[in-house]
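Q: my questions are about this predicted structure, shown below with the sequence.
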Amino acid sequence: MTSSWLEMAVSSGLIWLIGAGLPLVIACALLARRWRPAAMFWAPWSALPMLMLAVLPMGPISVDVPWLLLGSRLGIDETARAFLFLTSLLWLTAGLSAGSYLAHDPRRHRFLFFYLLTMSGNLGLVVAGDMVSFYLFFALMSFASYGLVVYNRDEEAIRAGRVYMILVVVGEMALFATFVLAASTAGHTSFAGLPAAVAQSPVRDLIMALALVGLGIKAGLLPLHFWLPLAHPAAPAPASAVLSGAMIKAGLIGWIRLLPLGTPDMESWAHLCIAAGIAGAFYGVGVGLTQTNPKTVLAYSSISQMGWMITAIGLGLSDEMAAPVAVTVVSLFAMHHGLAKGALFLGVAVASAAGGAWMRRLTAAGLLFGSLSLAGAPLTSGAIAKGALKAAVAGAPGFWPDVLAPLLSLGTIATTLLMIRFLVLVWPRSQTHGDHEAIGLLVPWGALLAAVLLAVPLWPWGTTVSVADLVVSPAKLWSAAWPVSAGAAIAGLWLLASRTRSWRTVSVPAGDLVVLLESLAVALGAIWQTVRESPARLEALKKVVGEIRSRVSRMVRATAGMEVWLIRGTTFAAALLSIWLGLFVLLMFS
Amino acid sequence: MNWDSLLPILLLLSSLLPGLIIFTLREEFHALRTVINLSGAVVKLVLVGVMLWGVYNEHVYAANLPFLPGLELTFRADPLPIIFALLIGGFGVKAALVPLHGWLPQAMVAPAPVSALLHAVAVVKAGAFGIVRVVSDVYGLEFARELKLLTPLAIVASVTILYGSLRALLQDDLKKRLAYSTVSQVSYIVLGVAMGTPLAVIGGVVHLVHQGLMKITLFLCAGNLAERLKIHRVSEMDGVGRQMPWTMTAFTLGALGMIGVPPMAGFVTKWYLAMGAWEASQPWVIGVLVASSLLNSAYFLPILYAAWFRPGQRQWIEPNESEPMEVGLWLLVPPVITAVVALAVGLLAGVDVSPLAWAEIIARRELNL
């Protein structure tokens, strides 16, 4: 009986709609004062159905839902399953910790409202099987997360929100054009067979460029990354965790669905993606090292890590054989980074709440473990992700295989440095208040850390990537261990050196490029103002017109009494003319 | 000398001369300006009548002017395009096509329910409907395309869309902003028909319904704001979301729909128009749609931001015994209903009874697409 109900729910697509729609229902319940306490309790748990769907053993399914929008398609495949697990787990744990983090905030129902809306969009876009429903959930996520970014209402949050909103709108428009062009050339909106159709399209390059812009804004693709270090730290910590852990991956899912991975003749785009990815990977670390806010450091680290995932997308574009491996690598890397980054952001919240000595030690241990995982220390999920990427590099086009392998090691050193910078900034110091706030945060944080430890090694990644090979062989252990140690050594030397003498440090304002853009906007505004206020040409034109007008008017006034006659005369003449013309026509054509 | 050939030139002069004279006269000579305007119109009507009579008798009116050395400007009175232009011009006033749109933003001084009707249903839709009829029934899409009449119409519609959005951006008066938004949005219908491919026509026809639902919501909400809080300007809307949550929720849904955010009705329109543009091999229209959406966001999103995220500066009117709700129920329920319907027709566009399905049936059965 139950199984038939379940089958019906799956085959009609209802199960996906319930999974994505449950947060919306609870968000509506939040608005009614009577249901608010219950809704606030259940809010984080609304991610649970999707988490269960992600771990249930279910083959690839794709169901048509003809009545929704322009005919939708929902379902799950191997890629979606990995992303769904990551997304729902992050939203669940961050939501649970939000309950403690905002326990004394009278406005927290507003936070949860936007949290649930964004969650619904983020979960929905993972199971979307066609462009229109993907666009629906993507838009819901993008617009609703504005409420999370500006939640603190200080000047910084408002500025971050403004920059974010402008980029959201630009991204939405680029994505709209992408999907329209793709759907027009493919003749359908379903994702099935879409990459092949895009590859054949006469406007393939335009679609590629628009897709890179539209989805790259979410993914922190250089140089569209600058909203990220503003918005992610501005939000409350649980929201930062999902923004930087789960939402940032939405662009990757879109690319996997849309881009013609594994079709020939895409080499130039592969080069572009790899170059942009590597640039982002190192740029993020470079600017991140100069930051003083631990959450900003983490945001820059996200740009850096997303750079490696974009590199993996580039690998998939380069070679027919490399595509399935690249997709798996992207999913694996995304799961590793999402969980670790989410854990670190929640860790910032725990560290600021931890008061007692034991609690501080526990927090420090958790933060250290999260940082080591992100840096890619041996036996962590980071080592697996980096190892998988390194194994896939062999399929890169041109000179990239020779360059990428050492660059990857260099990247690990850089990430280690950035993580040490983060740990220095966030290290829990003794505080006066007690631990009772931290204890509420500890349970979801611990669950997330456990997932960081276990999820990537235990996840069934299929035959293309063998996790066991990546972890246990001595060579792999060594190749994961030395860059991390080297990074730690460099950081140690640096700390020693800075103890003996003070160095002049560079500081880049958070959001780097946006500062330039803002001053450009100010300059343009000033120019526009000057143009408007010194209207020499306009004055001249007005003078000429005024002159003519006054002359004509003087003439008319001179014949003041004649005005009436002029009016009558004109009317009479017009009437006469019409009669005359009418007669003329009649005579001519009769 | 062929006197017939002078008629097109006279027609041109009859428009130009009175216009110039009127422009040079100061406003105090109001009566004189009116008279010159009218007499110009009289002459023009007569000339047009004459020409039509001649055309009826298979005369050809053509005049060549030496415009530039080596470039002749040919005035040619082909009857069918002229009739088309006159018909479209007539309906275009009602549909507020640029440059015949001037009356619509002036007319927003009417009370909110009246302007809601004016802008959403009654008047502008009559014009848009007329244009749909002229293009698809009187001329027929194929024939109009053969005469090369559709592309100019599409250009006029595109200019109207962008111009209306730009002007809306500069308005502080809420209803005036909505009025210019109407100028822009109604032309989506014209644009869809002017592209003339099945998907585009479906997009245009369905926008007859969609634009009505969304715009009526926005105007009714603006009326509620004016009624309860005496708010008429965008700059006064800080924090109104908390005071009138139902009204502003409906307003938000309408505004997001105008921008084209799924799942609102406006998204369905834009999707079909953009797909139709590709089908008609006029991809520049996609650019127009994207630019228009950007402008729509630029003039709607700041309103939503002010209403929901800015702290209120005004003296709040607390709900009391006599007014337990934010406004009276009869003012509140209609915009909420239209907003929900605007949401539903987008979200459930795939259902057999949705406006989209009707538009598909119309395009298939009536227009034989």
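A: Right, received. Where do you want to start? Since this is a predicted model, take the numbers as computed values, not measurements. Numbers count the residues shown, from 1 in each chain, chains lettered A, B, ... in the order given.
Q: got the residues of the stretch 151-300 of chain B near chain A?
A: B:245, B:256, B:260-263, B:268, B:270-271, B:274-275, B:278-279, B:283, B:286, B:290, B:293-294, B:297 (C-beta under 8 Å from any C-beta of the partner chain). For every residue, glycine as well, the C-beta is placed using N, CA and C.
Q: out of those residues, list just those in strands.
A: Per DSSP state E, strands hold no members of those.
Q: distance of the residue nearest the centre of chain B from chain A?
A: With the centre of chain B defined as its mean C-alpha position, the nearest residue by C-alpha atoms, centre = their mean is B:V186, 2.9 Å away. B:V186 sits 21 Å away from chain A, going by C-beta to the nearest C-beta, to the nearest Å.
Q: identify the residue spatially nearest to A:R153, adjacent ones excluded.
A: Spatially, and ignoring its direct neighbours in sequence, A:R153 is nearest to B:F309 (7.7 Å; C-beta to C-beta, 6 or more residues apart in numbering or on different chains).
Q: quick one: B:V353 is in a helix?
A: No. Using DSSP: H, G, I helix; E, B strand; the rest coil, the assignment for B:V353 is coil, not a helix.
Q: how about it, phi and psi?
A: Per-residue torsions, B:V353: phi -100, psi 10 (degrees, to the nearest 10).
Q: and it, how many residues sit next to it?
A: A count of neighbours around B:V353, defined by other C-beta atoms under 10 Å in any protein chain shown, yields 9.
Q: what does A:S553 give?
A: Using other C-beta under 10 Å, A:S553 is surrounded by 16 other residues.
Q: get me the contact residues on the stretch 401-550 of chain A for chain B.
A: Checking the stretch 401-550 of chain A against chain B by C-beta under 8 Å from any C-beta, the hits are A:I548, A:R549, A:S550.
Q: pLDDT score for the second one?
A: Per-residue confidence for A:R549 comes out at a pLDDT of 76.
Q: is it true that it touches B:E28?
A: No. If you go by C-beta atoms under 8 Å, A:R549 and B:E28 don't touch, sitting 10.6 Å apart.
Q: quick one: low-confidence ranges for chain B?
A: Filtered on pLDDT under 70, chain B yields the residue ranges B:1-6, B:8, B:27, B:62-68, B:70-77, B:120, B:313-325, B:369.
Q: quick check: longest helix of it.
A: Ranked by number of residues, the top helix in chain B under DSSP state H is helix B:198-229.
Q: beyond it, next helix or strand please.
A: Helices and strands here follow DSSP states H and E; after helix B:198-229, the next one along the chain is helix B:240-243.
Q: what's the burial count for A:E155?
A: By other C-beta under 10 Å, the burial measure for A:E155, its neighbour count, is 8.
Q: gap between it and chain B?
A: Distance from A:E155 to chain B, counting by C-beta to the nearest C-beta: 13 Å.
Q: ditto for A:V63
A: Counting by C-beta to the nearest C-beta, the gap from A:V63 to chain B is 14 Å.
Q: what sits against the nearest residue to that residue once chain neighbours are set aside?
A: Leaving aside its chain neighbours, A:V63 sits nearest to A:G13 (4.0 Å; criterion: C-beta to C-beta, 6+ apart). Contacts for A:G13 (C-beta atoms under 8 Å, 6 or more residues apart in numbering or on different chains) come out as A:V63, A:D64, A:V65, A:L68, A:S72, A:L74, A:G75.
Q: widest-spaced pair of the residues you listed?
A: Checked with C-beta to C-beta, the contacts of A:G13 reach their widest spread between A:L68 and A:G75, with 13.2 Å between them.
Q: what's the neighbour count on B:P152?
A: 14.
Q: give me the element it is part of.
A: Per DSSP H and E, B:P152 falls inside helix B:150-169.
Q: just checking, what packs against the next helix or strand after that helix?
A: Using DSSP H and E, the helix or strand that directly follows helix B:150-169 along the chain is helix B:174-195. The contact analysis (3 or more C-beta pairs under 8 Å, 6 or more residues apart in numbering or on different chains; DSSP states H and E) places helix B:174-195 against helix B:103-106, helix B:112-120, helix B:122-133, helix B:150-169, helix B:198-229, helix B:265-279, helix B:284-309.
Q: my read is A:V63 is in a helix, agree?
A: No. Looking at A:V63 with three-state DSSP, it is strand, so not inside a helix.
Q: what pLDDT does the model give it?
A: The confidence metric pLDDT takes the value 85 at A:V63.
Q: show me what contacts it?
A: Per C-beta under 8 Å, 6+ apart, neighbours of A:V63: A:V10, A:S11, A:S12, A:G13, A:W16, A:R73, A:L74, A:G75, A:G129.
Q: so which of the residues of the stretch 401-550 of chain A next to chain B is the most crowded?
A: Greatest neighbour count in those, by other C-beta under 10 Å, goes to A:R549: 15 neighbours.
Q: in the stretch 251-400 of chain A, what residue comes closest to chain B?
A: Nearest to chain B, among the residues of the stretch 251-400 of chain A, is A:G254, at 14.9 Å (C-beta to the nearest C-beta).
Q: on that earlier part again, mind listing what's buried along the helix holding B:P152?
A: The neighbour-count check on helix B:150-169 (16 or more other C-beta atoms under 10 Å in any protein chain shown) flags B:150, B:153-154, B:156-158, B:160-169 as buried.
Q: mean confidence for stretch A:461-471?
A: Rounded mean pLDDT across stretch A:461-471 is 68.
Q: tell me where the stretch 251-400 of chain A has helices.
A: Secondary structure of the stretch 251-400 of chain A (DSSP state H, counting those that start in this stretch): helices at A:267-288, A:294-318, A:322-353, A:357-375, A:381-392, A:400-426.
Q: got these as CSV, with distance to B:F219 columns?
A: Shown next, in CSV, are the helices of the stretch 251-400 of chain A (distance: least, C-beta to C-beta, whole Å):
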stretch, distance to B:F219
helix A:267-288, 46
helix A:294-318, 42
helix A:322-353, 44
helix A:357-375, 53
helix A:381-392, 54
helix A:400-426, 52
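Q: relative to B:W330, which of those helices is closest?
A: helix A:322-353 (48.1 Å).
Q: now do the contacts for A:A54.
A: Contacts for A:A54 (C-beta under 8 Å, 6+ apart) come out as A:I76, A:R81, A:L84, A:F85, A:S88.
Q: where does the nearest residue in space to A:R257 that is not next to it in sequence land on pLDDT?
A: Spatial nearest neighbour of A:R257, excluding adjacent residues (C-beta to C-beta, 6+ apart): A:F191 at 4.6 Å. Per-residue pLDDT puts A:F191 at 88.
Q: hang on, isn't A:F191 packed against A:S133?
A: No. Look at A:F191 against A:S133 with C-beta under 8 Å: they stay out of range, at 9.8 Å.
Q: higher neighbour count, these two?
A: Set side by side, A:F191 and A:S133 show more neighbours around A:S133, with 28 against 23, by other C-beta under 10 Å.
Q: what's near enough to touch the more buried one?
A: By C-beta under 8 Å, 6+ apart, A:S133 lies in contact with A:L68, A:L69, A:S72, A:R73, A:L74, A:G124.
Q: one more time with 10 Å
A: A:16-17, A:20, A:65, A:68-74, A:124-125, A:127, A:189, A:191, B:262-263 (C-beta atoms under 10 Å, 6 or more residues apart in numbering or on different chains).
Q: report whether the helix or strand harbouring A:F41 contacts chain B.
A: Here A:F41 sits within helix A:36-42, counting by DSSP H and E. No. Helix A:36-42 does not reach chain B (C-beta under 10 Å from any C-beta of the partner chain); its nearest approach is 14.0 Å.
Q: what packs against that helix?
A: Applying 3 or more C-beta pairs under 10 Å, 6 or more residues apart in numbering or on different chains; DSSP states H and E, we find helix A:36-42 packed against helix A:14-31, helix A:78-101, helix A:108-127.
Q: quick check: A:G220 touching A:L228?
A: Yes. Look at A:G220 against A:L228 with C-beta atoms under 10 Å: they come within range, at 4.9 Å.
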